[in-house]
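Peer 1: structure here, sequence nowhere to be found:
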């Protein structure tokens, strides 16, 4: 909210220049964003003019949010310091959006998907899950989405529209992974809202609903539990299909478990959720990876639990489903380790390119020096020396990006998991990978490796397209905000030809396209608790197992 001591014009200009200079120096996909979206982050003159003319701090924050959101990048986010948040006691999301493959905005319908009946008893508020939100305070849903979207930084047009839609009735000044930032919300949000809803009968009804303050966690910005993220789950009669009242990385799958499902993992102390179920005379396993980072202990413990579960699945199933829907990413080393347990053959890993900055050069020099000091084998020393020299040459030439180098280690191919005797212990039977538009970063990378190595079939919706790694930094000493920059770009092993994009090897924005498109976020799934999607998953994996001869 605005304070008596507003930033001066000079302070706002200083902070904005500092933030944009950092993006110009470190942001890896800046040429790609100009090519795809026509956004030149180096053309700051119009933005500085707006900052110069900004009337108050909140307008300045709006400009900063909009600049970063123009990158269309899930890794590059702006975060003002605020824990102000309110909600209306029900949630909405965007349904029936279509594939959303290209960079253009997607459509869809905004439906109510959960209701807190403690606050909104049906006798006074008879609207139901599946009814359509039309307007709030006389402003149409589409106008709200257009307004909020310009502050939402996201690599996926589908996910951007979803976050903006959710922010209409669940407002956060600073924003969070599940709420659009709305800097002026504390000034514009009254005690109550006038809400217009179209019932499934076709009748249009109007309600007056009080806003309620939402407790928030003091965690780091931009991640689960960060400012603007809910710290308690209200008494919703049923959460939305996208788990809109939960932080990303939910351990439970977002769809109903198939009949006969027998759960194995899924306790709070577990790293994964898993189980087995019968289908068409086959025994199918399911492992959900909620996040590409250990959640219940050290990374080695997470890898060990995954290894044990894979060993069980190898012996006791005919096929396996790996679920990385709504997975916000994490560590590339964790991605690599988990993937090694589902690939019985050597697999080609992703490569990365960087801005060839002095910071990157210094880091590479340390790696080269460490390899030499620790008497690494000549091939490893030569690899790091060559990498350093190539990035140094790119720096001297003023190149936009470095040459591509392996994500992990010094070789293009990685080995499958092996036991102490050297035998391969990776799962060798058919696998189907589940993805959606909130499979981000490390989940993008996992899906790309899975598809590039033709390990199985990708099922669901294209991944988010957060194709790199993020680095967080202060956005300015006066505004006390934080921002983050995508410092590298993941490179796949072949050129992609995806409608709406130029031919590319990048994951960024393009995401990983599914082999079988199936969308959980439909009205049919909402009204039937996700059962149609769950059945489609079962049908697809059983058909695939049969196609592969049950091997």
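Peer 2: Thanks, I have the structure now. Every value quoted in this text rests on a predicted model; they were computed, and no experiment measured them. Numbering: from 1, shown residues only.
Peer 1: buried residues, the helix or strand containing residue 366. List them.
Peer 2: Using DSSP states H and E, residue 366 falls within helix 358-373. Neighbour counts over helix 358-373 (16 or more other Cβ atoms under 10 Å) mark 360, 361, 364, 368, 371 as buried. C-beta coordinates here come from the backbone N, C-alpha and C atoms, glycine included.
Peer 1: the third one contacts residue 388, correct?
Peer 2: Yes. With contact defined as Cβ atoms under 8 Å, residue 364 counts as touching residue 388 (4.5 Å).
Peer 1: find residues that contact each of these two.
Peer 2: Common neighbours of residue 364 and residue 388 are not found (criterion: Cβ atoms under 8 Å, 6 or more residues apart in numbering).
Peer 1: that older thread, ok, and for the following helix or strand past the helix holding residue 366, which residues are buried?
Peer 2: Per DSSP H and E, the first helix or strand lying C-terminal to helix 358-373 is helix 378-397. For helix 378-397, burial by neighbour count (16+ other Cβ under 10 Å) applies to 380, 381, 383, 384, 385, 387, 388, 390, 391, 392, 394, 395.
Peer 1: adding pLDDT and distance to residue 149, write those out as TSV.
Peer 2: Shown next, in TSV, are these (pLDDT from 0 to 100; distance: Cβ to Cβ, whole Å):
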residue	pLDDT	distance to residue 149
380	93	47
381	93	49
383	94	44
384	93	43
385	94	47
387	94	39
388	94	42
390	95	39
391	94	37
392	95	41
394	95	35
395	94	37
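Peer 1: just those now: which is nearest residue 47?
Peer 2: Taking Cβ to Cβ as the measure, residue 47 lies nearest residue 395 of the buried residues of helix 378-397, at 27.3 Å.
Peer 1: any idea how the protein splits into domains?
Peer 2: Here the domain assignment for the chain is 78-213, 262-344+426-464+520-547, 348-425, based on automatic domain parsing.
Peer 1: nearest to residue 22, of those domains?
Peer 2: Nearest to residue 22 among the domains of the chain is domain 348-425 (10.7 Å), distances taken as Cβ to Cβ.
Peer 1: next, the distance between the ends of the closest one.
Peer 2: Using Cα to Cα, to the nearest Å, the end-to-end distance of domain 348-425 comes to 18 Å.
Peer 1: ok, back up a step: would TSV of the buried residues of helix 358-373 with distance to residue 293 and pLDDT be doable?
Peer 2: Output for the buried residues of helix 358-373, formatted as TSV (distance: Cβ to Cβ, whole Å; pLDDT from 0 to 100):
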residue	distance to residue 293	pLDDT
360	23	91
361	28	92
364	24	92
368	28	92
371	26	91
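Peer 1: and the residues you listed, which is closest to residue 467?
Peer 2: Taking the buried residues of helix 358-373 together and measuring to residue 467 by Cβ to Cβ, the closest member is residue 360, at 17.6 Å.
Peer 1: the closest one against residue 352, yeah?
Peer 2: No. Counting by Cβ under 8 Å, residue 360 does not reach residue 352; the two are 10.7 Å apart.
Peer 1: low-confidence ranges, this protein, go.
Peer 2: 1-5, 100-101, 215-248, 550-551 (pLDDT under 70).
Peer 1: can you tell me the centre-most residue of it?
Peer 2: residue 440 (3.3 Å; Cα atoms, centre = their mean).
Peer 1: wait, isn't it in contact with residue 468?
Peer 2: No. Between residue 440 and residue 468 there is no contact under Cβ under 8 Å: 10.9 Å.
Peer 1: what are the ranges of the strands in the stretch 351-500 of the chain?
Peer 2: Under the criterion DSSP state E, counting those that start in this stretch, strands of the stretch 351-500 of the chain are mapped to 351-354, 405-406, 413-414, 431-435, 457-460, 470-474, 482-486, 488-496.
Peer 1: of these, flag the one that's most buried.
Peer 2: strand 431-435 (a mean of 27; mean count of other Cβ atoms under 10 Å).
Peer 1: parallel or antiparallel, which strands does that one pair with?
Peer 2: strand 319-323 (parallel), strand 457-460 (parallel) (DSSP bridges).
Peer 1: so what's the gap between the first one and the chain middle?
Peer 2: Its chain's C-alpha centre and that of strand 319-323 lie 20 Å apart, by Cα atoms, centre = their mean, to the nearest Å.
Peer 1: ok, the shortest one next?
Peer 2: The chain centroid and the centroid of strand 457-460 are separated by 17 Å, computed with Cα atoms, centre = their mean.
Peer 1: and what of stretch 68-88?
Peer 2: The answer for stretch 68-88 is 14 Å, by Cα atoms, centre = their mean.
Peer 1: before we move on, the earlier item: need the domains of the chain in a markdown table (columns: distance to residue 28).
Peer 2: Putting these into a markdown table (distance: least, Cβ to Cβ, whole Å) gives the following:
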| stretch | distance to residue 28 |
| --- | --- |
| domain 78-213 | 13 |
| domain 262-344+426-464+520-547 | 14 |
| domain 348-425 | 5 |
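Peer 1: coming back round to it: and the strands of the stretch 351-500 of the chain: which comes nearest residue 330?
Peer 2: Across these, closest to residue 330 is strand 470-474 (Cβ to Cβ), at 11.2 Å.
Peer 1: quick one: residue 174 and residue 78 touch, right?
Peer 2: No. Contact criterion Cβ under 8 Å: residue 174 and residue 78 do not qualify, at 9.3 Å.
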